[in-house]
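A.B. asks: sequence and computational prediction follow.
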Amino acid sequence: MNTSATLHDVRRQRLLILAVGLLLFIPFLGSVRLFDWDEINFAECAREMIATGDYLHMQIDYRPFTEKPPLFVWMQALSMHVFGINEFAARLPNAIVGVITLLVLHHIGRRIGGSAMGVLWPMVYLGTLLPHFYARSGIIDPTFNLFIFLSIWQIIRGQLEGKGRPFQAGLYASLAVMTKGPVGLGLVVLTALVMWIWQRRSTAIAFPIRDLAIITVTALTLPAVWLGIDAMQNGPTFLLENIHYQWRLLTTGEAGHAQPWYYHSIVLLIGCYPSSVFFFGGLRAAQDETADVQRMRQWMTALFFVVLVVFSAVTTKIVHYSSMAYIPLTYLAAMWIVRRGLMNTGETASRPYDMMNTGETASRHHDMMNTGETASRHHDMMNTGETASRHHDMMNTGETASRPYRTPYLTSFIILAHSFLLGGIAIIVPLAFMHSEWMLSLPSFRDPFLREAMSRNVEWLGVEPLIGLVLIAGAVVNVILRKRKPLAGLITLYASVMVFVFTFLPLVAPKIEAYSQGAALDFYQSLRGKDVYVKPLTMKSYAHLFYTQKPYHLSSAAKGIAADDWEPWLINGDIDRRATFVCRINDATNWSTVPTLRERYRDGGFIIYERVTSSERQRSRSR
């Protein structure tokens, strides 16, 4: 294979991945409103940056927000400057990061496992449920995860090339720290330490104190500059409060998010369908595993379990906290698929090469794949810098050239069961909302908020339950084709997840959002541009800030009132304009007897109150 043909092949694969990523990640980003808390939280920080012109500090309700550094919010603010303050702009940075992630996986996969792995790993990542879903969200984690992975890849690359790359690793780690805080550096260092312990079992390796020191110092330099500038204006407030926040996450169920220790194991097993089924096979070493493949497998295994153990130990548990595990999980799943003989479909040796779009003729591939040529000629043709036997190991790790890929019966059964579980939920949930009268008739369905929410008039097209069938159909086709056309079956399986997420977000998610938070958001949007105070009661929410596009002069900071005193002042104080309040119907008992509040109306499980002035109370008593 000449160099020009190889470069042409690589460019073609990159363009294909770029086009597919843009096609699947960008459309319909604004089709559903942002969800409380995390999506609205960061979007509101970006909006307030634009509103105040203060891009150095994170703010929520025009008060310091110390839970996260600003890098991701800077990206959102830039997007909002271009596309306006809306859902599309809030989610666009992650969609772009998702496309970049696919290209990174292609580059590294090709470097480690050849052309097959370079194509397969991005496909597996894109066709895995949660990674695809979060790439179309406005939360911070996809960007954070990419920086952590790039940092760890620099360490791996340094080992493969025989020279350290601690400065580059530290640079990416610094971006991770600027995205989500010190946990970005912690995961990199902890993974490196675990790998040092693991590698010491077979090789005498000195403790990498120098590399870890360079990584740490480099990773902290950029955050230290930002913190230093902030400290000159506000003192050490951000640093101290952020440390306190990190401690609360570790030791308490912050904001009611305490979960059992096995929570993230279940999330990854179910949410990373179908790759979580293949993942376990990738943990094991192959019989003739090359040194590069072995090292990458070990690093991805270490990274996966470091993330799983760390976030299982943390008391506060939210679904996306373990999302850093998606990248190593999909790598190990893709590697297992390659080992099972993806390049050998039971046809001639040349056919799989054509199917993987390498740009070579069938006969040339057959010549290249072990036809008795010398090792040097094979080396020249493959242009990989490895010996012929090494290329054979990388492309066919433990499988003979004649043995076709096929999914084991147990794996096929688990995939089917998994698809029926997820697809069944995706079918039942729309049906339950479409036939809400049946749900409301059940004596066990008693939650007041859910009953009121399901009573809302939401228009369904009637085709929404069919979207769940896509997942089931993909798994069924994969099983049917497992012997005759296994590669086509595998592509169908992963494509079914891509189609499911792509259609679920614009068709089903907006309807579910209309039930879960739609009434409150409708009310907030109706107040946009109006000179009125708005405050949620009991529930923690940022939705009223973003969807009213709250101006500074309506904030407690503008009035010089402490944050804890803002709600009492709005309810009982001498206010200078109209005030409205929103609470869930479950919490109505706490507020229905407050003399200064009057119920305006109820909708979708929410109650809208307004402040009663002293003169109105006097007139009411006189009557």
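C.D. replies: Done, it's in.

A.B. asks: ok, which stretches of this structure are strands?
C.D. replies: Ranges of strands in the chain, per DSSP state E, are 59-60, 63-64, 533-536, 579-584, 597-603, 606-611.

A.B. asks: now the fifth one: buried residues?
C.D. replies: So the one you mean is strand 597-603. Buried residues in strand 597-603, counted by 16 or more other Cβ atoms under 10 Å: 597, 603. Glycine gets a C-beta too; all of them are placed from N, C-alpha and C.

A.B. asks: paired strands for it, with orientation please.
C.D. replies: Strands that pair with strand 597-603, judged by DSSP bridges, come out as strand 606-611 (antiparallel).

A.B. asks: tell me the buried residues in the strand it pairs with?
C.D. replies: Going by 16+ other Cβ under 10 Å, strand 606-611 has these buried residues: 606-609, 611.

A.B. asks: could the strands of the chain go into a markdown table alongside mean pLDDT and distance to residue 492?
C.D. replies: A markdown table is the format used below for those (pLDDT from 0 to 100; distance: least, Cβ to Cβ, whole Å):
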| stretch | mean pLDDT | distance to residue 492 |
| --- | --- | --- |
| strand 59-60 | 94 | 45 |
| strand 63-64 | 93 | 50 |
| strand 533-536 | 96 | 45 |
| strand 579-584 | 96 | 43 |
| strand 597-603 | 95 | 43 |
| strand 606-611 | 96 | 43 |
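
A.B. asks: and of these, who's closest to residue 331?
C.D. replies: Closest to residue 331 of the strands of the chain, according to Cβ to Cβ: strand 59-60, at 36.4 Å.

A.B. asks: which elements pack onto that closest one?
C.D. replies: For strand 59-60, the packing partners by 3 or more Cβ pairs under 8 Å, 6 or more residues apart in numbering; DSSP states H and E come out as helix 38-52.

A.B. asks: which residue lies nearest the spatial centre of the protein?
C.D. replies: The centroid of the chain falls nearest to residue 134 when counting by Cα atoms, centre = their mean (3.4 Å).

A.B. asks: quick check: it vs residue 44, distance?
C.D. replies: Taking Cβ to Cβ, to the nearest Å as the measure, residue 134 falls 19 Å from residue 44.

A.B. asks: same check on residue 493?
C.D. replies: For residue 493, the distance to residue 44 - Cβ to Cβ - is 39 Å.

A.B. asks: what about these two, which has more around it?
C.D. replies: Using other Cβ atoms under 10 Å, the more surrounded residue of residue 493 and residue 44 is residue 44, with 29 against 25.

A.B. asks: pretty sure that one contacts residue 546?
C.D. replies: Yes: the criterion here is Cβ atoms under 8 Å, and residue 44 meets it with residue 546 at 4.5 Å.

A.B. asks: tell me the pLDDT of residue 79.
C.D. replies: Residue 79 carries a pLDDT value of 98.

A.B. asks: quick one: the residue lying closest to it once chain neighbours are set aside and residue 144, what's the gap?
C.D. replies: Using Cβ to Cβ, 6 or more residues apart in numbering and skipping the chain neighbours, the partner closest in space to residue 79 is residue 89 (4.3 Å). Between residue 89 and residue 144 the distance, using Cβ to Cβ, works out to 19 Å.

A.B. asks: just to revisit the earlier point, ok, the residue nearest to the centre of the chain touching residue 321?
C.D. replies: No: contact criterion Cβ under 8 Å: residue 134 and residue 321 do not qualify, at 11.6 Å.

A.B. asks: any residues in contact with both of these two?
C.D. replies: residue 141 (Cβ atoms under 8 Å, 6 or more residues apart in numbering).

A.B. asks: now for residue 592: which residues touch it?
C.D. replies: Taking Cβ under 8 Å, 6+ apart, we find residue 592 in contact with residue 599.

A.B. asks: residue 207: what's it in contact with?
C.D. replies: residue 196.

A.B. asks: cool, the one 4 residues further on as well?
C.D. replies: Shown here is residue 211, whose contacts under the criterion Cβ under 8 Å, 6+ apart are 155, 158, 164, 166, 169, 192.

A.B. asks: got phi/psi on the nearest residue to the second one once chain neighbours are set aside?
C.D. replies: Ranked by Cβ to Cβ, 6+ apart and with sequence neighbours excluded, the top spatial neighbour of residue 158 is residue 165, at 3.9 Å. Recorded main-chain torsions at residue 165 are phi -130, psi 50, according to degrees, to the nearest 10.

A.B. asks: hmm, residue 537 and residue 583 touching each other?
C.D. replies: Yes: the pair formed by residue 583 and residue 537 meets the contact definition of Cβ under 8 Å, at 3.9 Å.

A.B. asks: what do these two both touch?
C.D. replies: 590-591, 609.

A.B. asks: and the residues you listed as a markdown table, adding distance to residue 209?
C.D. replies: Formatted as a markdown table, these follow (distance: Cβ to Cβ, whole Å):
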| residue | distance to residue 209 |
| --- | --- |
| 590 | 57 |
| 591 | 59 |
| 609 | 61 |
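
A.B. asks: return the member of those residues nearest to residue 528.
C.D. replies: residue 609 (19.2 Å).

A.B. asks: looks like the closest one contacts residue 578 (just checking).
C.D. replies: No: taking Cβ under 8 Å as the definition, residue 609 is not a contact partner of residue 578, at 11.6 Å.

A.B. asks: tell me how many other residues crowd residue 465.
C.D. replies: By other Cβ under 10 Å, neighbour count at residue 465 equals 18.

A.B. asks: was I right to think it contacts residue 430?
C.D. replies: Yes: here residue 465 reaches residue 430: they are 4.8 Å apart, a contact under Cβ under 8 Å.

A.B. asks: any shared contact partners between those two?
C.D. replies: Common neighbours of residue 465 and residue 430, using Cβ under 8 Å, 6+ apart, do not exist here.

A.B. asks: how far away is residue 598 from residue 452?
C.D. replies: Taken as Cβ to Cβ, the span from residue 598 to residue 452 is 19 Å.

A.B. asks: likewise for residue 119?
C.D. replies: Separation of residue 119 from residue 452 (Cβ to Cβ): 50 Å.

A.B. asks: could you do residue 307 as well?
C.D. replies: Counting by Cβ to Cβ, the gap from residue 307 to residue 452 is 39 Å.

A.B. asks: residue 535 too?
C.D. replies: Counting by Cβ to Cβ, the gap from residue 535 to residue 452 is 21 Å.

A.B. asks: now residue 332
C.D. replies: Noted for residue 332: a distance of 45 Å to residue 452, by Cβ to Cβ.

A.B. asks: do the same with residue 595
C.D. replies: According to Cβ to Cβ, residue 595 and residue 452 sit 25 Å apart.

A.B. asks: and the two? Which one has more around it.
C.D. replies: residue 452 (21 against 11).

A.B. asks: how about the nearest residue to that one, chain neighbours excluded?
C.D. replies: Nearest one to residue 452, counting by Cβ to Cβ, 6+ apart, is residue 605 at 3.9 Å.

A.B. asks: including distance to residue 185, could the strands of the chain go into CSV?
C.D. replies: Conversion of the strands of the chain to CSV gives the following (distance: least, Cβ to Cβ, whole Å):
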stretch, distance to residue 185
strand 59-60, 25
strand 63-64, 23
strand 533-536, 35
strand 579-584, 39
strand 597-603, 46
strand 606-611, 42
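
A.B. asks: out of those, nearest to residue 180?
C.D. replies: Closest among the strands of the chain, using Cβ to Cβ: strand 59-60, at 16.3 Å.

A.B. asks: any idea how many residues pack against the nearest residue to residue 92 once chain neighbours are set aside?
C.D. replies: Nearest non-adjacent residue to residue 92, counting by Cβ to Cβ, 6+ apart: residue 79, 4.8 Å away. Residue 79 has 24 neighbouring residues, counting by other Cβ under 10 Å.

A.B. asks: check contacts around residue 30.
C.D. replies: With the criterion set at Cβ under 8 Å, 6+ apart, residue 30 makes contact with 86-88, 91.
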